[in-house]
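K.L.:
how would this look folded up:
(one chain, ligands or ions: 3)
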Amino acid sequence: MLGIHGDNAPMNTEHPAFVWTIAGSDSGGGAGIQADLATIQDLGCHGCSVVTTVTAQSSVAVTLVEPVSAAMLMAQLTTLLSDLPPKAIKIGLLADQTQVALLADWIASFKIHYPSVPVIVDPVMVASCGDALAVDNCQDIKSAAKSALDFKPFKGLIELITPNVLELGRLTHSDVSTKAQFAAAALALSQSLDCSVLAKGGDVSFGSTDILDDTHAQTHDNTYAQTQANVHVIALDSNGWDLELAEDYLVCRQVRASSKLHQNGRFWLASQRVNTPHNHGSGCTLSSAIAAVLAQGFVLQDAVVVAKAYVSQGLSAAIGLGQGPGPLARTGWPNDVSRYAKINLCDSNFISHQLNQHLDVGNDLVATVLSATDQATAQVRIASTQPQNILSHGFKVLDADLGVYPVVNDLTMLESLLAAGVKTLQLRIKTDISELTTAGLAESDLGKSALSRCESGKSKSGEPELIGSELEAQIQTAIALGKHFNAQLFINDHWQLAIKYHAFGVHLGQEDLAVTDLAAIQAAGLALGISSHSYFELLLAHQYSPSYIALGHIFPTTTKQMPSAPQGLAKLKHYVALLQDHYPLVAIGGIDLTNLAKVKATGVGNIAVVRAITKAKDPLAAFAELSQAWEQCSLSEELAVKHELDAKHE
Ligand SMILES: Cc1ncc(COP(=O)(O)OP(=O)(O)O)c(N)n1
Ligand SMILES: Cc1ncsc1CCOP(=O)(O)O
Ligand SMILES: [Mg+2]
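P.N.:
Ligands and ions are numbered 1, 2, ... in the order given. Reported below is the predicted structural model:
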């Protein structure tokens with residue numbers, strides 16, 4: 001019945017990914033299927049549609065809502081699957097509980113064969129003009145608007161649900177007036193549907209708790225003006241909301257391919273609020289944009305931040321069409337970093353630690369004494385009151401381009417590279433045995449001694465002084481050498497020692513940021529490089545205004561066991577487009593002479609390499625060759641641009 005092929009075939013990058021929208025038709029063209037298809041195409045995918053419902057709708061009213069028959073719903077799904085299998089599915093308006101049940105059954109069979117195709121549900125209930133859309137027998141629109149469809153049949157089948165404040169309240173049968181209640185409800189919904197939740201706070205400034213009662217339950221013939229008059233706007237800041245911002249709460253649940261750090265995280269995402277009445281279809285646009293970005297292989301957190309930026313720029317450029325709220329403008333892939341949300345981490349480990357301290361009881365007791373929602377409310381309260389360690393001014397600016405940036409773990413090699421004139425280097429010594437690959441263990445002096453200690457049955461923790469002094473001596477020497485040769489020497493991980501011996505800079509991973517005294521690094525005048533493995537981590541890095549940002553790993557690498565998937569060149573190109581005017585960017589992971597030109601073509605300014613130098617027969621010659629090739633790429637790029645300009649003038 002499904003016409004299943006399975007999803008193991010490699011994605012053909014020559015062709016756009018297919019993204020399905022299963023949603024209602026908006027005859028006004030601003031929302032529903034029409035908004036979804038425009039969004040999906042604008043973000044580089046091919047959109048396919050399964051119409052659930054036909055609405056007679058303009059920008060000011062919904063006058064009739066008619067579900068398609070069950071046979072028509074199924075026929076669309078089956079017909080499409082046999083020819084245009086999706087890379088992501090967005091589900092929008094479902095007219096009634098029968099459609100929910102039918103679709104949930106279909107998705108369950110679909111997921112058996114296509115387990116990794118993400119499904120996003122936007123639980124649409126009300127049109128932006130205020131009229132009800134999901135109608136549980138089409139006869140009483142008014143009362144149907146107050147009762148939510150039951151999305152439980154989707155439990156365990158979907159990756160993400162994206163309720164707005166009204167929908168969140170109805171889905172969780174809870175009061176979501178305050179920011180803490182809102183976040184608690186999102187967490188409870190994530191637990192009850194076993195999926196990630198993006199709870200959208202963008203509507204909160206339009207009303208108070210009234211939104212949950214009568215404001216949107218209008219009759220067929222209501223107008224935009226009437227709706228506006230009925231909206232009771234109150235100062236929501238007393239509930240914890242910032243009226244200047246559009247704040248969403250993202251609860252992640254086992255996000256696939258994401259780095260472990262953010263797999264089950266919770267985050268506030270805050271963008272500048274765009275004050276426009278022309279927001280028709282913003283929810284549809286957001287969820288279909290998330291699907292389109294996911295279809296191109298980005299992790300969920302990335303899809304959410306890109307989609308939110310897309311909506312933000314679409315709202316800014318929206319113009320009124322019709323007499324009511326106009327549709328969002330379609331403005332292409334967002335590359336303006338100021339459109340992207342600020343991310344406020346509410347780390348779950350951090351939260352449970354705080355919660356235990358706050359309540360002065362252990363985790364088990366907390367779990368039994370508090371209901372899930374109460375726990376979530378308490379957790380969110382605590383997390384949202386923690387100040388972020390975000391520095392308002394940045395770290396030291398680099399003295400010179402990074403260029404080809406060798407990362408080494410051994411002083412002999414470090415010294416010979418410095419003596420040969422290499423001006424930027426990193427000393428990356430791993431002392432924790434769990435962080436070393438077998439090759440790395442055998443290769444480095446510290447690795448060898450760690451290994452021998454393990455082999456002789458002595459634990460690392462049994463000899464902290466030895467490893468500490470060994471490590472300190474090596475770092476001190478490296479820093480002295482760096483100074484002697486007037487180079488930009490970065491110390492990986494060991495930021496206290498880097499400060500102590502006045503290194504040029506420190507390189508830190510995302511895991512390190514929460515447990516590092518960044519203010520001390522900044523006060524000591526050291527440069528800071530930060531790793532990133534996604535849009536999401538790129539934005540987090542940006543919030544610290546570092547001296548450079550590393551983007552990786554681009555290709556598979558054996559140097560390190562990576563917790564996330566290789567990013568590849570297409571993603572690298574997107575990351576570069578976002579931040580190249582703001583920071584020196586350096587690509588890392590699996591880069592060597594064979595692929596360097598393709599890396600350069602993404603526009604990234606610098607590359608960091610381990611094996612291409614450390615495993616070379618002649619590391620100095622390898623560095624020289626890589627540097628020359630890197631510079632020649634620039635030269636040939638410049639020449640190509642020059643030829644293009646010359647051709648235009650002829
Ligand atoms: C230039 C550069 N980029 C990335 C890394 C990786 O740093 P991190 O994420 O801290 O991982 P480890 O190197 O500590 O394993 C780097 N070292 N240098
Ligand atoms: C430390 C690190 N971080 C991201 S990739 C990587 C290792 C890159 O090593 P190589 O250049 O040998 O692939
Ligand atoms: Mg590190």
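
K.L.:
Could you check the pLDDT of D242?
P.N.:
pLDDT for D242: 83.

K.L.:
element containing the residue nearest to it when sequence neighbours are not counted, please.
P.N.:
Leaving aside its chain neighbours, D242 sits nearest to A270 (7.2 Å; criterion: CB to CB, 6 or more residues apart in numbering). (Each C-beta comes from the backbone N, C-alpha and C, glycine too.) Counting by DSSP states H and E, the secondary-structure element that holds A270 is strand 266-272.

K.L.:
Starting from that strand, tell me which strands it pairs with and how they run.
P.N.:
Each strand paired with strand 266-272, and its direction, by DSSP bridges: strand 245-251 (antiparallel), strand 342-345 (antiparallel).

K.L.:
L93 is nearest to which of those?
P.N.:
The closest of those to L93 is strand 245-251. By CB to CB, the value is 20.7 Å.

K.L.:
Next SSE downstream of that closest one?
P.N.:
Next in sequence after strand 245-251, counting helices and strands by DSSP H and E, comes helix 260-263.

K.L.:
That following helix near ligand 1 at all?
P.N.:
No: no part of helix 260-263 sits close enough to ligand 1 to count as contact by CB under 6 Å from any ligand atom; the gap is at least 10.3 Å.

K.L.:
From the chain's centre, how far out is that helix? Work that out for me.
P.N.:
Remark: helix 260-263 is offset 11 Å from the chain centroid, using CA atoms, centre = their mean, to the nearest Å.

K.L.:
okay, how far is it across stretch 561-576, tip to tip?
P.N.:
Stretch 561-576 stretches 24 Å from its first residue to its last (CA to CA, to the nearest Å).

K.L.:
got it, and stretch 598-616?
P.N.:
Stretch 598-616 end-to-end distance (CA to CA) = 21 Å.

K.L.:
And stretch 321-341, by the same measure?
P.N.:
Criterion CA to CA; first-to-last residue distance in stretch 321-341 is 28 Å.

K.L.:
buried sites along that stretch?
P.N.:
322, 324-331, 333-335, 337, 339-341 (16 or more other CB atoms under 10 Å).

K.L.:
Return the member of those nearest to ligand 1.
P.N.:
Lowest distance from ligand 1 to those (CB to the nearest ligand atom) belongs to V337, with 20.1 Å.

K.L.:
isn't the closest one right up against H582?
P.N.:
Yes: between V337 and H582 a contact is recorded at 6.4 Å, counting by CB atoms under 8 Å.

K.L.:
Find residues that contact each of the two.
P.N.:
H542 (CB atoms under 8 Å, 6 or more residues apart in numbering).

K.L.:
ok, so what distance separates Q57 from L538?
P.N.:
Separation of Q57 from L538 (CB to CB, to the nearest Å): 39 Å.

K.L.:
With A487 instead?
P.N.:
A487 sits at a distance of 27 Å from L538 (criterion: CB to CB).

K.L.:
Over in the stretch 201-350 of the chain, which residue gets nearest ligand 3? Let me know.
P.N.:
Residue of the stretch 201-350 of the chain nearest ligand 3, by CB to the ion: L261 (12.3 Å).

K.L.:
Just say helix, strand or coil for I120.
P.N.:
Assigned with DSSP: H, G, I helix; E, B strand; the rest coil, I120 falls in the strand class.

K.L.:
swap in Q426?
P.N.:
Under three-state DSSP, the three-state class of Q426 is strand.

K.L.:
Could you double-check that it sits in contact with Q488?
P.N.:
No: Q426 sits out of contact with Q488 when judged by CB under 8 Å, with a separation of 9.3 Å.

K.L.:
For the lengthiest strand in the chain, give the mean pLDDT please.
P.N.:
Using DSSP state E to define each element, the chain has its longest strand at strand 46-57. For strand 46-57, mean pLDDT rounds to 95.

K.L.:
and that strand, which strands flank it?
P.N.:
When DSSP bridges is applied, strand 46-57 pairs with strand 18-26 (parallel), strand 62-67 (antiparallel).

K.L.:
What residues sit buried inside that strand?
P.N.:
H46, G47, C48, S49, V50, V51, T52, T53, V54, T55, Q57.

K.L.:
T162: which of those residues is nearest?
P.N.:
T52 (16.7 Å).

K.L.:
Can you tell me how far that closest one is from D36?
P.N.:
Relative to D36, T52 is positioned 12 Å away (CB to CB).

K.L.:
How is this structure partitioned into domains?
P.N.:
With domains defined by the TED database, the chain comprises 18-205+235-354, 404-430+470-644.

K.L.:
re earlier: name the residues that touch the strand holding A270?
P.N.:
Contacts for strand 266-272 (CB under 8 Å, 6+ apart): 183, 187, 242, 244-252, 301, 304-305, 308-309, 312, 338-348, 351, 380, 383-384.

K.L.:
And the buried ones among those residues, selectable in PyMOL?
P.N.:
This is the PyMOL syntax for the buried subset of these, where burial follows 16+ other CB under 10 Å:
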select buried, resi 183+187+245+246+247+248+249+250+251+252+301+304+305+308+309+312+339+340+341+342+343+344+345+346+347+348+351+380+383
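
K.L.:
secondary structure class for R330?
P.N.:
coil.

K.L.:
what's the pLDDT at the closest residue to ligand 2 within the stretch 251-400 of the chain?
P.N.:
Of all residues in the stretch 251-400 of the chain, S259 sits closest to ligand 2, at 11.1 Å by CB to the nearest ligand atom. With respect to pLDDT, S259 scores 74.

K.L.:
Near ligand 2, which residues of the stretch 551-650 of the chain are found?
P.N.:
With the criterion set to CB under 6 Å from any ligand atom, the stretch 551-650 of the chain comes near ligand 2 through 552-553, 557, 559-560, 588-591, 609-612.

K.L.:
oh, I was asking about the chain
P.N.:
Checking the chain against ligand 2 by CB under 6 Å from any ligand atom, the hits are 552-553, 557, 559-560, 588-591, 609-612.

K.L.:
still on that earlier bit, what do T52 and D36 both touch?
P.N.:
A23, G92.

K.L.:
Where does the chain get nearest to ligand 1, residue-wise?
P.N.:
Using CB to the nearest ligand atom, the closest approach of the chain to ligand 1 is made by G509 at 2.7 Å.

K.L.:
Look at that residue and say how many residues are nearby.
P.N.:
Neighbourhood size, G509 [other CB atoms under 10 Å]: 18.

K.L.:
What score does the closest residue to it other than its chain neighbours have for pLDDT?
P.N.:
Counting by CB to CB, 6+ apart, S531 is the residue found nearest to G509 once chain neighbours are left out, at 4.6 Å. Listed pLDDT for S531 reads 97.

K.L.:
give me the element S531 is part of.
P.N.:
Per DSSP H and E: strand 527-532 holds S531.

K.L.:
Equivalent analysis for L418, please.
P.N.:
Using DSSP H and E, L418 falls in helix 411-419.

K.L.:
That helix: which residues count as buried?
P.N.:
L411, M413, L414, E415, L417, L418.
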